[in-house]
Structures are given as C-alpha cells and as structure tokens.
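# Quick one: sequence plus predicted model below, questions after.
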Amino acid sequence: MHAPQVAALFAPFRLKSLSLKNRIVMAPMTRCFSPQGVPGENVVAYYRRRAAGEVGLILSEGTVIDRPASRNDPGIPFFHGDAALSGWKRVIDAVHASGGKMGPQIWHTGSIVGPNPDWEPPAPVESPSGLIAPGKPRGVAMTDSDIADTIAAFGRAAADARRLGFDTVEIHGAHGYLIDQFFWAGTNHRTDGYGGPLIRHRARFAVEVIRQVRAAVGPDFPVIIRLSQWKQQDYAARLAETHAAMSDWLVPLVEAGADILHCSQRRFWEAEFPEVDGEDGLNFAGWAKKLTGAATISVGSVGLSGDFMKAFGGEASRPVGLDRLIHRLEREEFDLIAVGRAILGDPAWVTKIRNGDAAGLKDFDPAAFAELI
Ligand SMILES: Cc1cc2nc3c(=O)[nH]c(=O)nc-3n(C[C@H](O)[C@H](O)[C@H](O)COP(=O)(O)O)c2cc1C
C-alpha cells in the first residue's frame with residue numbers, strides 16, 4: 001500500500017505495449033561510466049537497484065547512435081556494436097528480473113562540447129549548420145548523406161532496443177544537442193528542406209527520425225521523444241513563444257509516430273506561458289498534452305529544494321514535499337513525472353515516497369555525480 005496522499009503517483013499507466021505500476025520515471029542522466037562505450041556490471045547493478053526500488057519506468061542515460069561523431073565524451077555508452085549491445089542486454093534482463101521497465105535514451109550530441117573539453121571524437125563534429133550556438137562555429141554542416149545516414153542510425157538503434165527486450169525507446173531531442181540544433185533557428189541556417197523560417201520547417205529532421213524509429217519498432221511499441229525549449233547554449237531560448245507555435249512544433253512529431261512527449265523543464269511547477277495563462281497555468285508537459293492529445297512526461301526539481309543546474313555548480317539540495325506535484329497530477333495536467341537527482345542519489349527514493357517515509361529521504365549532494373550509488 002502507498003501513503004494515501006501520494007495515490008496519484010501510484011496509479012498504474014498503460015500505453016500500447018507498455019504497462020507501468022506507477023507514474024514515476026527515472027530521468028535520463030549521463031553518467032560516463034562506460035569505458036570504450038560498453039556498459040559493464042557496475043552499470044547493470046546501478047539500473048537493477050532502481051528497478052528493485054520500484055521506479056515505474058527507467059530511462060537510461062543518453063546512449064549514442066552509430067555515427068562517428070555521435071558522442072562528446074569517451075565514457076558515454078554506445079547503443080550499437082556487439083560489445084555495447086550485449087552490455088545493454090544484461091541491463092534490461094536485470095531490470096526485468098527485478099520487476100522494472102526500461103527504455104534507452106538514444107542520442108547524438110551534435111556540436112555540444114562534452115565534460116572533457118579537450119576530447120574530440122574520431123570524425124569531425126557535425127550539426128545542421130556547423131554552429132554550436134548563434135554566431136559560434138564548431139565542426140561541419142551535415143550533408144544530405146550525413147542526414148540520411150543519421151536518420152538510418154536512429155532507426156537501427158530503435159530496432160535494437162526492441163530486439164534486446166526494452167519496453168520503450170526515447171529519442172533525445174532536447175537541451176541543444178543534434179535534433180534540437182535542427183529545431184533552433186539560432187543553430188539551423190539551412191536553406192534546404194531541413195531549415196526554414198518556421199518551427200515546422202526545422203522540425204523536419206525530427207519528423208524523419210521519428211518516422212524511421214516508428215518503422216523500425218512497429219505500431220505497438222511506445223516511442224518517446226524528449227524536448228525542451230531551453231538549451232545549454234542559452235537557457236532563455238524558446239522554440240515556441242505562443243500556443244500556436246508550440247502546436248506547429250509538436251503536432252508534426254506526434255503525427256510522425258511519437259506516443260509520449262517528454263517535456264524538459266528545470267522546475268516542473270513553472271507555467272509555460274505565464275504572461276497569458278498566469279502563474280498557475282499549465283506547464284510545458286501540460287500544454288504539450290493539451291495541444292497534441294499525446295501522453296506527456298513532466299520533470300524538474302521533483303522532491304528537491306534546488307535545481308539541477310545549481311547542482312552542477314556544486315550546490316546541495318534538501319528534500320521537499322510533493323504537494324504541488326500531486327496537485328498537477330490529480331488535475332491530469334500530464335501523465336508521468338520524471339525524477340532525476342533524487343533517484344540518482346537514492347535508489348530507494350520511490351519506496352520511501354510510497355511508504356510516506358519523509359524522515360528517510362536524503363539531501364542531494366553533488367558528490368553523488370562521481371559514483372554509481
Ligand atoms: C548528471 C546528469 C546527467 C544528465 N544527463 C541527461 C541526459 O543524458 N539526457 C537528458 O535528456 N537529460 C539529462 N539530464 C537532465 C535530467 O534528465 C533532468 O531533466 C534534470 O536533472 C532535472 O531533473 P531533476 O531536477 O529531478 O534532477 C541530466 C541531469 C543530470 C543531473
């Protein structure tokens with residue numbers, strides 16, 4: 001049984017072939033613990049602990065597709081090649097054996113610089129227009145054949161996710177990485193069919209990735225895409241300034257075959273359009289659900305006093321209550337909630353929430369980034 005005040009978090013969820021025992025998703029978090037791109041037994045045990053700790057759906061750290069410059073750090077796992085895929089097979093088998101569900105987050109880092117700025121991939125860094133940020137060149141602009149090969153590689157990764165037994169797959173389309181570099185006018189200056197003045201023009205690359213992924217996994221396998229307005233390059237950047245622009249961005253993604261939109265915010269309780277909707281207005285996941293009818297995942301500072309950007313700056317956070325989250329879940333603003341640092345720092349976080357064990361909740365100490373707890 002769960003504590004009565006958190007009932008909304010422990011309602012089951014079903015979509016196509018995916019059925020979850022609760023609404024809590026482990027947010028995708030890059031950990032860089034996979035030398036040569038291969039997740040080993042420490043990574044298997046890390047995810048197994050989250051499954052045993054009753055996380056409803058685990059999303060893996062970003063794991064990269066088969067392109068020579070798809071990652072920006074040597075500790076990021078591959079999602080291609082026999083060695084890495086057998087590592088991931090051990091992960092999903094362990095998660096299933098502990099009663100969990102999981103999808104890999106498939107990724108291409110585009111032209112973003114990784115945590116070790118001196119490390120370079122074995123081929124030129126690639127992005128839509130050879131820019132890391134507006135006016136800041138890095139690497140090369142992708143040719144038509146680079147684009148076609150990248151879309152095909154996303155499709156192969158999705159097919160592998162299904163073949164290995166994963167329950168879903170998430171495409172990383174957020175935070176200023178490759179797919180988001182196509183969305184963003186600041187980094188997409190293309191004059192071919194992959195660029196253009198409107199967000200729906202710049203969404204074409206993502207649409208083709210989703211179509212390829214859908215074709216690879218079949219109709220009944222849920223496909224998630226992660227999206228954000230903000231970018232690491234510019235936290236204040238917005239792809240959609242109005243409800244209409246957001247619809248122009250998201251509806252084509254759902255029509256292409258995305259089942260779940262994972263809407264990344266730093267703080268889940270912040271209204272997406274406060275200037276028109278007021279401070280208690282729908283958040284990003286709320287608007288995405290309303291405009292598309294698709295299921296959505298929200299995220300951002302659940303259960304903790306500080307946000308994750310501050311954590312990267314070394315700031316610790318205290319546990320905080322979930323009343324605001326429960327309120328938004330009860331009004332069915334979004335379907336699922338992703339939790340990052342609270343679960344990174346404590347594999348038993350969900351069990352503690354279910355039991356109402358507030359005293360057992362831990363502070364989040366950024367020292368946790370250095371190990372797989
Ligand atoms: C160490 C770390 C690594 C992250 N790596 C990724 C990633 O690979 N993919 C992604 O979409 N988001 C990534 N994020 C963002 C998280 O998924 C999440 O959106 C963010 O931490 C906010 O949730 P929280 O406040 O509950 O931590 C990362 C966050 C952290 C703390």
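Alright, I've got the coordinates.

# Would you tell me which strand is longest in this structure?
strand 57-64 (DSSP state E).

# Get me the contact residues on the stretch 201-350 of the chain for the ligand.
When proximity is defined as Cβ under 6 Å from any ligand atom, the stretch 201-350 of the chain approaches the ligand at Arg226, Ser264, Val299, Gly300, Ser301, Val302, Asp307, Phe308, Val339, Gly340, Arg341, Ala342. Where C-beta positions appear, they are placed from N, C-alpha and C, glycine not excepted.

# Now neighbour count and secondary structure too, for the residues you listed, in JSON lines please.
Converted to JSON lines, these look like this (neighbours: other Cβ atoms under 10 Å; DSSP: H, G, I helix; E, B strand; the rest coil):
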{"residue": "Arg226", "neighbour count": "27", "secondary structure": "strand"}
{"residue": "Ser264", "neighbour count": "24", "secondary structure": "strand"}
{"residue": "Val299", "neighbour count": "27", "secondary structure": "strand"}
{"residue": "Gly300", "neighbour count": "23", "secondary structure": "coil"}
{"residue": "Ser301", "neighbour count": "24", "secondary structure": "coil"}
{"residue": "Val302", "neighbour count": "25", "secondary structure": "coil"}
{"residue": "Asp307", "neighbour count": "17", "secondary structure": "coil"}
{"residue": "Phe308", "neighbour count": "22", "secondary structure": "helix"}
{"residue": "Val339", "neighbour count": "23", "secondary structure": "strand"}
{"residue": "Gly340", "neighbour count": "24", "secondary structure": "coil"}
{"residue": "Arg341", "neighbour count": "24", "secondary structure": "helix"}
{"residue": "Ala342", "neighbour count": "24", "secondary structure": "helix"}
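
# Can you give the contact residues for stretch 301-311?
235, 266-268, 300, 315-320, 322, 325, 337-342, 349, 353, 361, 364, 366, 369 (Cβ atoms under 8 Å, 6 or more residues apart in numbering).

# Identify the residues contacting the residue lying closest to Ser111 once chain neighbours are set aside.
Excluding the flanking residues, the one nearest Ser111 by Cβ to Cβ, 6 or more residues apart in numbering is Ser127, at 3.9 Å. Contact analysis of Ser127 by Cβ under 8 Å, 6+ apart lists Gly110, Ser111, Arg138, Gly139, Val140, Ala141, Met142, Leu178, Gln181, Thr187.

# Can you report how many residues lie near the first one?
It refers to Gly110. Using other Cβ atoms under 10 Å, Gly110 is surrounded by 26 other residues.

# now Ala245
Using other Cβ under 10 Å, Ala245 has 15 neighbouring residues.

# And the pLDDT for Asn187?
Actually, residue 187 is Thr rather than Asn. The model reports Thr187 with a pLDDT of 98.

# distance of it from Glu126?
Counting by Cβ to Cβ, to the nearest Å, the gap from Thr187 to Glu126 is 12 Å.

# Common neighbours of these two, please.
Ser111.

# and the angle from the longest helix that the chain contains to strand 57-64?
Counting residues, the longest helix found in the chain (DSSP state H) is helix 144-164. Relative orientation of helix 144-164 versus strand 57-64 (axes from the mean of the first three to the mean of the last three Cα atoms, to 10 degrees): 140 degrees.

# Report all helices and strands that the helix or strand following helix 144-164 contacts.
Tracing the chain C-terminally past helix 144-164 and defining elements by DSSP states H and E, one meets strand 169-172 next. When contacts are defined as 3 or more Cβ pairs under 8 Å, 6 or more residues apart in numbering; DSSP states H and E, strand 169-172 packs onto strand 102-107, helix 144-164, helix 204-217, strand 223-228.

# where does Ser19 fall, helix, sheet strand or coil?
Classification of Ser19 using DSSP: H, G, I helix; E, B strand; the rest coil returns strand.

# related to what we said a few turns ago, show me the beta-bridge partners of the residue nearest to Ser111.
Ala141 (DSSP bridges).

# Now do the same for it: its pLDDT.
Per-residue confidence for Ser127 comes out at a pLDDT of 98.

# And Asp93, by the same measure?
Looking at Asp93, its pLDDT is 99.

# That one is in contact with Gly165, isn't it?
Yes: the pair Asp93 and Gly165 qualifies as a contact (Cβ atoms under 8 Å) at a distance of 7.1 Å.
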